[in-house]
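Chemist: sequence unavailable; structure follows:
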């Protein structure tokens, strides 16, 4: 009876450990695709500029949004590197300066990105407007 | 193990308990919903969409917690052939499954106005979908496999393997760049949700936990009636 229990523990351990290994290896080899977006620094480090659709994400740089005739231009920054983005279309409500953003589109070169879709990224801070105002005045 | 008399005793207690839990659940849910939908303030950035969070986050917590519990019970079922545990994990699964679906659906409803998309193949969202699929596999294994002993073994293995996904869900937002935001309620660091929003969140979590308990007890009672009807004095 005790021997059987030991065997079952061994069996379970083998299965679980190999499953963890398999999952780990899959995720590791797909890391490029598991990440939802590249940061501007990742873009700078790209060896080749691919023509397929990618996503670039980071913060919208302060005072960088300019809107002229349906065209939105802004800069995505990760506070180390920056990338210029141009986009035409409607942006989500939460899209604003100093907030997270993910742009989906095509790289023209390492500094210029042509977006076809804009997603706003929300951060982990939740508070009422009055508190935000009070924090801002500090 | 389970003697018939003992089974009857447990049944007596658990069927009585169901009523009390139901009353408590309705009470806590009423308080929670009033707090979450009416009394709590709107968010500075997402305004009223923040109210979806009071359903989304507790549902996701319950789905993760329930699956972890099922996995632990399954380990002991598998190793020690403990026949008391599989009935518990079998009865826990339906509410966990429902909560994983609720988390996915409310997340999608929240994602449209905030992110600008219903769905993204983001690490957090995809791993949560996989959790829902594991719940479904676990539940279906009981329906598909007729031999009870086999069903116990296979469903336990499904739960144990599915548990590998749990830390991936939890840490996906830390390990990779994701569209989904990082955790707001942290154990080691300061929580980044204002207290006026955190309190309704915890009340809703309590309500959902009571709901899980209620569904669990109802399912557990049904399973016991089924055993009784089969005329078995033990499982």
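Modeler: Cool, got the structure. On a predicted model such as this, the values are computed, not experimentally measured, just so you know.

Chemist: looks to me like residue A:118 is in a strand.
Modeler: Yes - under DSSP: H, G, I helix; E, B strand; the rest coil, residue A:118 falls within a strand.

Chemist: list the residues that contact it.
Modeler: Contacts of residue A:118 were listed using CB atoms under 8 Å, 6 or more residues apart in numbering or on different chains, and they are A:72, A:87, A:89, A:91-92, A:95, A:101-104, B:116. (C-beta placed from N, C-alpha, C; glycine too.)

Chemist: I'd like the next helix or strand past the host helix or strand of residue B:93.
Modeler: Residue B:93 is part of helix B:83-114, with elements assigned from DSSP states H and E. Following helix B:83-114 in sequence order, the next helix or strand is helix B:123-144 (DSSP H and E).

Chemist: now that next one: mean pLDDT?
Modeler: The pLDDT scores in helix B:123-144 average 95.

Chemist: what residues of that helix count as buried?
Modeler: B:123-128, B:131-132, B:134-135, B:137-139, B:141-142 (16 or more other CB atoms under 10 Å in any protein chain shown).

Chemist: just checking, what packs against it?
Modeler: helix B:50-80, helix B:83-114, helix B:148-162, helix B:165-175 (3 or more CB pairs under 8 Å, 6 or more residues apart in numbering or on different chains; DSSP states H and E).

Chemist: can you give me the angle the longest one makes with helix B:123-144?
Modeler: Right, helix B:83-114. 140 degrees (axes from the mean of the first three to the mean of the last three CA atoms, to 10 degrees).

Chemist: how distant is helix B:83-114 from the center of its chain?
Modeler: 5 Å (CA atoms, centre = their mean, to the nearest Å).

Chemist: any of the contacts of residue A:118 buried? List them.
Modeler: A:72, A:87, A:91-92, A:95, A:101-104, B:116.

Chemist: nearest to residue B:70 among those residues?
Modeler: residue A:102 (34.3 Å; CB to CB).

Chemist: okay, the closest one: pLDDT?
Modeler: pLDDT for residue A:102: 92.

Chemist: same check, this time on residue A:61
Modeler: pLDDT, residue A:61: 86.

Chemist: helix, strand or coil for the residue nearest to it when sequence neighbours are not counted?
Modeler: Closest residue in space to residue A:61, ignoring its immediate chain neighbours: residue A:75 at 4.0 Å, by CB to CB, 6 or more residues apart in numbering or on different chains. Secondary structure assignment for residue A:75 (three-state DSSP): strand.

Chemist: hang on, isn't residue A:75 packed against residue A:59?
Modeler: No - judged on CB atoms under 8 Å, residue A:75 makes no contact with residue A:59 at a distance of 9.2 Å.

Chemist: for the residue nearest to residue B:172 when sequence neighbours are not counted, list the residues it contacts.
Modeler: Nearest residue to residue B:172 in three dimensions, chain neighbours excluded: residue B:123, at 4.0 Å (CB to CB, 6+ apart). Listed by CB under 8 Å, 6+ apart, the contact partners of residue B:123 are A:34-36, B:168, B:172-173, B:175-176, B:178, B:180.

Chemist: what average pLDDT does the longest helix seen in chain A get?
Modeler: For chain A, the longest helix by residue count, based on DSSP state H, is helix A:2-29. For helix A:2-29, mean pLDDT rounds to 92.

Chemist: please apply the same query to stretch B:221-234.
Modeler: Averaging pLDDT along stretch B:221-234 gives 75.

Chemist: for the residue nearest to residue A:106 when sequence neighbours are not counted, name its beta-bridge partners.
Modeler: With CB to CB, 6+ apart as the criterion, residue A:106 has its nearest non-adjacent residue at 5.1 Å, and that residue is residue A:114. For residue A:114, the beta-bridge partners under DSSP bridges are residue A:86, residue A:106.

Chemist: what pLDDT does residue A:114 get?
Modeler: Reported pLDDT for residue A:114: 89.

Chemist: and residue 30, how many neighbours does it have?
Modeler: As the question left the chain open, I've gone with chain A. A total of 10 residues lie near residue A:30 under the criterion other CB atoms under 10 Å in any protein chain shown.

Chemist: try again with chain B
Modeler: 11.

Chemist: the strand or helix carrying it: which residues count as buried?
Modeler: Assessed by DSSP H and E, residue B:30 sits inside helix B:4-34. By 16+ other CB under 10 Å, the buried positions in helix B:4-34 come out as B:7, B:11, B:14, B:18, B:21-22, B:25, B:28-29, B:31-33.

Chemist: for the residue most central in space within chain A, phi and psi?
Modeler: Central residue of chain A (CA atoms, centre = their mean): residue A:37, 3.6 Å from the mean position. Recorded main-chain torsions at residue A:37 are phi -150, psi 160, according to degrees, to the nearest 10.

Chemist: does it touch residue B:122 like I think?
Modeler: No - applying CB under 8 Å as the test, residue A:37 and residue B:122 come out as separate, 9.2 Å apart.

Chemist: show me how far the longest helix along chain B is from its chain's centre.
Modeler: Longest helix of chain B, by residue count under DSSP H: helix B:195-229. Distance, stretch centre to chain centre, for helix B:195-229: 9 Å (CA atoms, centre = their mean).
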